[in-house]
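>>> Here is my input; please provide its structure:
(one chain, ligands or ions: 1)
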Amino acid sequence: MTARILITGAGGGVGTLMRSRLAAEGRVLRLLDIAELPAAADGENVELVQASVTDMAAMEAAMKDVDAVIHLGGHSLEEAWEKILRVNIDGTHTVLEAARRQGVRRVVLASSNHAVGYVERANGDAGDYLFPRPDTYYGVSKVALEALGSLYADRYGLDVIAIRIGSCFEKPRDVRMLSTWMSPDDCARLFEACLSVASPGFRIVWGVSANTRGWFSLDEARALGYEPQDDSEVHAAEVLEKHGGELDPSSYAAKYVGGAWCGPDFDTAVKEAGR
Ligand code: 15L
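Numbering: from 1, shown residues only. Next up is the predicted model:
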């Protein structure tokens, strides 16, 4: 079992959901976030680090005696280009480079469905290793994260797994998420598989549950040893009732993997330039 795991962005949505779920006998979780993290609970085997993923010295220090890194840090929504560039792209480079310098051999990266957001649903289920079709600057940063992971695997021999996460929340929050949902428990199962599989080299896998309405291949994730246990269908009646029924076939949510992120509300360039 992996003894000390560094989790960046540990105070974010996914990081918070993973804190208790990745705890295990004989394991230390080194939790890093730019914001202050909740103090250790009684008996909780955690080390807390407050630092930015863009700070090379801090990241090198945080990698000391670490067996594997789960990199969740960065903006989790669309942002201005400068912020995406600095925190998501430069931050991911800093994490991988600090891992290399400190001899950490395994890095699990949080990519996103938005790396391939413009893939059309009409073409059937989204396969593994789809060519990048980012839907936002945020999506571009996830493509860059995958590219950086590939570089550090091929050039320096690190094991790097990038997970194209669908939607990881306690419950699906809208009708699209009935297809894209990854339950927190399945997310922890997938991280455990990424941490324990022997010599994966570089991989890109989908991070979703076994959803009845799923759109994504689970083949590559299963090849790591992941076996999802949850299905968003148990929440379907509630979600459909709340959001007024099935997806409108002409909506962005029905048309593209990235859903509304492909639409005008997420057009950051035009928003920033005013034209
Ligand atoms: C993501 O990558 C976001 O971080 C998350 O907030 C969700 O919006 C998710 O994608 C999604 O597509 O549902």
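
>>> OK, contacts around the residue in the stretch 151-275 of the chain that the ligand sits nearest to?
Using CB to the nearest ligand atom, the single residue of the stretch 151-275 of the chain nearest to the ligand is residue 167, 3.3 Å away. In short, each C-beta sits where N, CA and C put it, glycine included. By CB atoms under 8 Å, 6 or more residues apart in numbering, the residues touching residue 167 are 113, 173, 176-177, 180-182.

>>> How about residue 217?
Contact partners of residue 217, counting by CB under 8 Å, 6+ apart, are 125-128, 206.

>>> residues in contact with the residue nearest to residue 137 when sequence neighbours are not counted?
Take residue 137 and drop its neighbours on the chain: the residue closest to it by CB to CB, 6 or more residues apart in numbering is residue 84, 4.5 Å away. Going by CB under 8 Å, 6+ apart, residue 84 touches 75, 137-138, 140-141.

>>> Then residue 94?
Counted by CB under 8 Å, 6+ apart, residue 94 has contacts 53-56, 59.

>>> can you tell me which helix or strand it belongs to?
Taking DSSP states H and E as the criterion, residue 94 maps to helix 91-102.

>>> so does the following helix or strand past that helix get close to the ligand?
Following helix 91-102 in sequence order, the next helix or strand is strand 106-112 (DSSP H and E). Yes: shown here: strand 106-112 in contact with the ligand (CB under 6 Å from any ligand atom) through residue 112.

>>> what lines up beside strand 106-112 in the sheet?
The sheet places strand 106-112 alongside strand 68-71 (parallel), strand 159-165 (parallel), with pairing taken from DSSP bridges.

>>> do you know how far residue 131 is from the ligand?
Distance from residue 131 to the ligand, counting by CB to the nearest ligand atom, to the nearest Å: 18 Å.

>>> ugh, typo on my part, it should be residue 101
28 Å.

>>> Does that residue touch residue 64 like I think?
No: using CB atoms under 8 Å, residue 101 is not in contact with residue 64; the gap is 10.4 Å.

>>> Identify the residue nearest the geometric centre of the chain.
Centroid check for the chain by CA atoms, centre = their mean gives residue 110 as the closest residue, at 2.6 Å.

>>> Thought residue 240 was touching residue 175, still the case?
Yes: with contact defined as CB under 8 Å, residue 175 counts as touching residue 240 (6.5 Å).

>>> Now residue 60. Nearest residue, chain neighbours left out?
Of all residues not flanking residue 60 in the chain, residue 98 sits nearest, at 4.6 Å (CB to CB, 6+ apart).

>>> what's that neighbour in contact with, if anything?
Residue 98 makes contacts with 56, 59-60, 62-63, as judged by CB under 8 Å, 6+ apart.

>>> Among these, find me the one that's closest to the ligand.
For the contacts of residue 98, the nearest to the ligand is residue 59 (21.4 Å; CB to the nearest ligand atom).

>>> Just the element for the closest one, please.
Residue 59 belongs to helix 56-62 when assigned by DSSP H and E.

>>> Convert that helix to CSV, retaining C-alpha atoms only.
Output of helix 56-62 as CSV, limited to C-alpha atoms (Å, rounded to 0.1, in the frame of the first residue of the first chain):
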residue,chain,number,x,y,z
MET,A,56,8.6,25.3,-6.8
ALA,A,57,10.4,25.5,-3.5
ALA,A,58,7.3,24.7,-1.5
MET,A,59,6.3,21.9,-3.9
GLU,A,60,9.8,20.4,-3.7
ALA,A,61,9.6,20.5,0.1
ALA,A,62,6.1,19.0,0.0
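
>>> Show the pLDDT at the residue lying closest to residue 47 once chain neighbours are set aside.
Leaving aside its sequence neighbours, residue 47 sits nearest to residue 30 (CB to CB, 6+ apart; 4.4 Å). We have a pLDDT of 98 for residue 30.

>>> next one: residue 123
For residue 123, the pLDDT comes out at 75.

>>> how far away is it from residue 25?
45 Å (CB to CB, to the nearest Å).

>>> and the residue lying closest to residue 261 once chain neighbours are set aside, how many neighbours does it have?
The shortest distance from residue 261 to any residue other than its chain neighbours is 4.6 Å, reached at residue 135 (CB to CB, 6+ apart). Residues within reach of residue 135, counting by other CB atoms under 10 Å, total 26.

>>> How about the contacts made by residue 135?
114, 117-118, 256, 258, 261-262, 266.
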